[in-house]
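*Asks:* Build me a structure from this.
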Amino acid sequence: MSIIEAIFLGILQGATEFLPVSSSGHLVLIPAIFEMTPPDLTLIGLVHLGTLVAVLIYFRRDLWAIVTAVLRGLAQRQPMGTTNARLGWFIVVGCIPAALVGFLLEDFFDGVFGQPNWAAFFLLVTAVLLVVGERMMSGRKTFDTMTWLDTIVIGLFQTIALFPGLSRSGSTIVGGLLRGFDRPTAARYSFLLGVPVILGAGLFSVLDIVTAEEMVYSTAVYLSAFLAAAISGYACIAFLLNWVRNHSLYIFAAYTTLLGGGYLLFSLLGK
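*Replies:* Here you go, the predicted structure:
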């Protein structure tokens, strides 16, 4: 793998992890379309670590406020006493559905992940979800008025993103919109809810790196992929949070429709 390919893969992971266009769908389809050199476990691990670094740096103040509020609430025996403390527990509970389903059906999702046509199909489902979320948005709720039902519903939307091509950020943003949040609040909660998921992927990535029998590519290739993922991830978080203040999600629905529909069409014509 060349440094250019490594940078491309890092940018791809960093951008699609946070934009509502599905990182898993892109990681299945793009290598299949361009016949790219397959990455080894070490490189995959490093680009996941890059996105973890991006989200931890961008939301460092939010995460610090949430963690300290949770700890203070436990010490004062008022675990739900403040908005940030409640938000911390909401994030924990919201991750449970995806963790349980992913653990119980791991083999099933692994089998689906290796099939580009399924990834393309679920990109079309992502597009439908984004359109539905926009049409149903009311935009009245804030973190101050968030409830347990809100976080459970959004957590269930995160669960369906286990399918390749179904965007995690897109699904959870739509879940938030359907529960009455405005776009900026729904997007912010989506990213915060994703921290445990990305952290878990990062820890598994470290394990993959440590247990790798050999380094297939050069140090420059691995470093390039890591930095590209971190920088593009940070930039895309900032871009999306600014975009949703004044713009709809329709542009992302159009993009996922073109990519998923285009792949299915060419796949069909190729046969």
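*Asks:* Any buried residues in stretch 115-135, and which?
*Replies:* For stretch 115-135, burial by neighbour count (16 or more other CB atoms under 10 Å) applies to 116-127, 129-131, 133. Just so you know, the C-beta spots here come from the backbone N, C-alpha and C atoms, and that holds for glycine as well.
*Asks:* quick one: average pLDDT of that stretch?
*Replies:* The pLDDT scores in stretch 115-135 average 89.
*Asks:* Identify all contacting residues around that stretch.
*Replies:* 20-22, 24-25, 28-29, 32, 112-113, 163-167, 170-171, 173-174, 177-178, 248-250, 252-254, 256-257, 259-261, 263-264, 267 (CB atoms under 8 Å, 6 or more residues apart in numbering).
*Asks:* what's the spacing between Tyr263 and Val28?
*Replies:* Spatial separation of Tyr263 from Val28 under the definition CB to CB, to the nearest Å is 10 Å.
*Asks:* Buried ones in whichever strand or helix holds Leu71, by neighbour count?
*Replies:* When elements are defined using DSSP states H and E, Leu71 is found to belong to helix 60-75. Counting neighbours by 16+ other CB under 10 Å, one finds that the buried residues in helix 60-75 are Leu63, Ala65, Ile66, Ala69, Val70, Gly73.
*Asks:* quick one: what helix or strand has the closest residue to the fifth one other than its chain neighbours in it?
*Replies:* Right, the one you point to is Val70. Counting by CB to CB, 6 or more residues apart in numbering, Gly88 is the residue found nearest to Val70 once chain neighbours are left out, at 3.9 Å. Using DSSP H and E, the secondary-structure element containing Gly88 is helix 83-104.
*Asks:* quick check: angle from that helix to helix 60-75?
*Replies:* For helix 83-104 against helix 60-75, the angle between stretch directions is 100 degrees (axes from the mean of the first three to the mean of the last three CA atoms, to 10 degrees).
*Asks:* May I ask which helix or strand of this structure has the lowest mean pLDDT?
*Replies:* For the chain, the helix or strand with the lowest mean confidence is helix 106-113, at a mean of 66 (criterion: mean pLDDT, DSSP states H and E).
*Asks:* State the next helix or strand along the chain beyond that one.
*Replies:* Helices and strands here follow DSSP H and E; after helix 106-113, the next one along the chain is helix 116-136.
*Asks:* how far does that following helix sit from the chain's center?
*Replies:* Helix 116-136 has its C-alpha centroid displaced from the chain centroid by 15 Å (CA atoms, centre = their mean, to the nearest Å).
*Asks:* could you point out which element follows that helix?
*Replies:* On the C-terminal side of helix 116-136, the closest following helix or strand by DSSP H and E is helix 148-160.
*Asks:* got the buried residues for that following helix?
*Replies:* Counting neighbours by 16+ other CB under 10 Å, helix 148-160 gives Asp150, Thr151, Ile152, Val153, Ile154, Gly155, Leu156, Phe157, Gln158, Thr159, Ile160 as buried.
*Asks:* List of residues touching stretch 260-271?
*Replies:* Contacts of stretch 260-271 with the rest of the structure, by CB under 8 Å, 6+ apart, involve 25, 29, 33, 116-117, 119-124, 126-127, 165.
*Asks:* that older thread, next one, pLDDT for the residue nearest to Val70 please.
*Replies:* Confidence at Gly88, expressed as pLDDT, is 93.
*Asks:* State the distance from it to Thr147.
*Replies:* According to CB to CB, Gly88 stands 15 Å off from Thr147.
*Asks:* now Gly133
*Replies:* Here the criterion is CB to CB. By it, Gly133 lies 19 Å from Thr147.
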